[in-house]
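A.B. asks: sequence first, then the predicted structure, then my questions.
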Amino acid sequence: MATLDFSIEFYPPKTPDGADKLRVARAKLALLQPKYFSVTFGAGGSTQQGTLDTVVEILGEGHDAAPHLSCVGASRESIRTILKQFQSHGIRRLVALRGDLPSGYGGAGELRYASELIEFIRAETGDWFHIEVAAYPEVHPQARSPQDDLQNFARKVQAGANSAITQYFYNADAYFAFMDQTRKLGIDIPVVAGIMPITNYTQLMRFSDMCGAEIPRWVRLKLASFGDDSASIKAFGLDVVSQLCERLLAGGAPGLHFYSMNQAVATTALWERLTAA
Ligand code: FAD
């Protein structure tokens, strides 16, 4: 497992208490020795300082860390300033995204798509950053068609992305089909599978509606049947997601990126299950 491209995602805490809890979770997750931790970025720059502070803190603890950076609603000048900040802190890896603005937020900004952000980052900073981008095995919800979405993924690679992380999904075949299609287009960057542990039925359904992740009918029905029995939801979720990870790795996925939701327990349980296998 040590050779796997294995990473863990956090969001920047909003309160001092949240920051303390994240430090505790991070100390536990660091024991798993991920390749790096990543920290999300609120579209429109809403978490800009929190993202940077969290990344700098992680780097200070001796672990590699990658800020996410989204361009929606931003100007070229504001992105330039952020890139300079990242460089001044010795940050060498980032996750470049378009982002989603909350409705009523205002204009889309000067860079409309992630591919334009990547072009801008490369023009401004050359090869300084290792750039990760998002990939959608189940198709981005706003894409005109699956083919169009794939072409748009190819644009991000042509613009200079080094590797990709997928949106989470529970259907391994969607990932394998996506990988076949990217190979046919001559894309050969690593596409790490994004993994969302299942711990809470309501939250999972809400997120999945927003980001277009399909919950297989049998998984949904089974989760719903547990009602408030959180222990059963977690145990079943651990089985489903660890089997998904095993299938992905056996089928050639180069690594896993865990959406930790700033919690250590579910990601650690998954990792222990996978490494015990
Ligand atoms: P893009 O690659 O720009 O694609 C967006 C849509 O536009 C797609 O439908 C695509 O097909 C289409 N498109 C792209 N280029 C063109 C073009 N030239 N012409 C026409 N259509 C085009 N959001 C945040 O706000 N903060 C985060 O920190 C964050 N982290 C994430 C991390 C990961 C690993 C993933 C998978 C998602 C993350 N998101 C984050 C969510 C992401 O911002 C949304 O999914 C967003 O809707 C799309 O971002 P993108 O970078 O994939 O956009």
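C.D. replies: The structure has been received and is ready for your questions. Everything numeric in this text was worked out from a predicted model, so none of it was measured.

A.B. asks: residue most distant from the centroid, this protein?
C.D. replies: Ser225 (29.1 Å; CA atoms, centre = their mean).

A.B. asks: now do that residue, the pLDDT please.
C.D. replies: For Ser225, the model assigns a pLDDT of 97.

A.B. asks: what's the answer for the one 10 residues further on, then?
C.D. replies: In the prediction, the pLDDT value recorded for Ala235 is 98.

A.B. asks: helices of the stretch 151-277 of the chain, start to end?
C.D. replies: 172-184, 201-211, 217-225, 230-250, 265-276 (DSSP state H, counting those that start in this stretch).

A.B. asks: what residues does the stretch 151-277 of the chain put near the ligand?
C.D. replies: Asn152, Arg155, Lys156, Ile165, Gln167, Gly194 (CB under 6 Å from any ligand atom). In short, each C-beta sits where N, CA and C put it, glycine included.

A.B. asks: farthest pair in those residues?
C.D. replies: Across those, the longest distance by CB to CB is 20.0 Å; it joins Arg155 and Gly194.

A.B. asks: compare those two and say which is more crowded by neighbours.
C.D. replies: Between Arg155 and Gly194, Gly194 has the larger neighbour count (other CB atoms under 10 Å), namely 23 against 17.

A.B. asks: so where's this structure shaky on pLDDT?
C.D. replies: Where the chain drops to pLDDT under 70, the residues are 1-3, 103-107, 277.

A.B. asks: dump the helices of the stretch 151-277 of the chain to CSV, plus distance to Val56.
C.D. replies: Output for the helices of the stretch 151-277 of the chain, formatted as CSV (distance: least, CB to CB, whole Å):
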stretch, distance to Val56
helix 172-184, 33
helix 201-211, 28
helix 217-225, 38
helix 230-250, 30
helix 265-276, 22
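
A.B. asks: I'd like to know how many residues surround Pro197.
C.D. replies: Neighbour tally, Pro197, other CB under 10 Å: 24.

A.B. asks: my bad, Asp229
C.D. replies: Neighbour tally, Asp229, other CB under 10 Å: 11.

A.B. asks: would you list the phi and psi of it?
C.D. replies: The phi and psi values for Asp229, taken as degrees, to the nearest 10, are phi -80, psi 80.

A.B. asks: could you measure from Tyr128 over to the ligand?
C.D. replies: Just so we're on the same page, residue 128 is Trp rather than Tyr. Separation of Trp128 from the ligand (CB to the nearest ligand atom, to the nearest Å) stands at 20 Å.

A.B. asks: residues from the stretch 1-150 of the chain in reach of the ligand?
C.D. replies: Checking the stretch 1-150 of the chain against the ligand by CB under 6 Å from any ligand atom, the hits are 40-41, 43, 68, 70, 95, 97-100, 113-115, 134, 140, 142-143, 148-149.

A.B. asks: of those, grab the buried ones for PyMOL.
C.D. replies: To isolate the buried ones among those in PyMOL, judged by 16 or more other CB atoms under 10 Å, type:
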select buried, resi 40+41+43+68+70+95+97+98+99+100+113+114+115+134+140+143+149
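
A.B. asks: helices - which of the residues of the stretch 1-150 of the chain next to the ligand land there?
C.D. replies: Ala114, Ser115, Asp148, Asp149 (DSSP state H).

A.B. asks: identify the farthest-apart pair in those residues.
C.D. replies: Longest span within these, CB to CB: Ala114 and Asp148, 14.4 Å.

A.B. asks: near the residue nearest to Gln87 when sequence neighbours are not counted, how many other residues are there?
C.D. replies: Sequence neighbours aside, Trp128 is the residue nearest to Gln87 in space, at 6.2 Å (criterion: CB to CB, 6 or more residues apart in numbering). Using other CB under 10 Å, Trp128 has 16 neighbouring residues.
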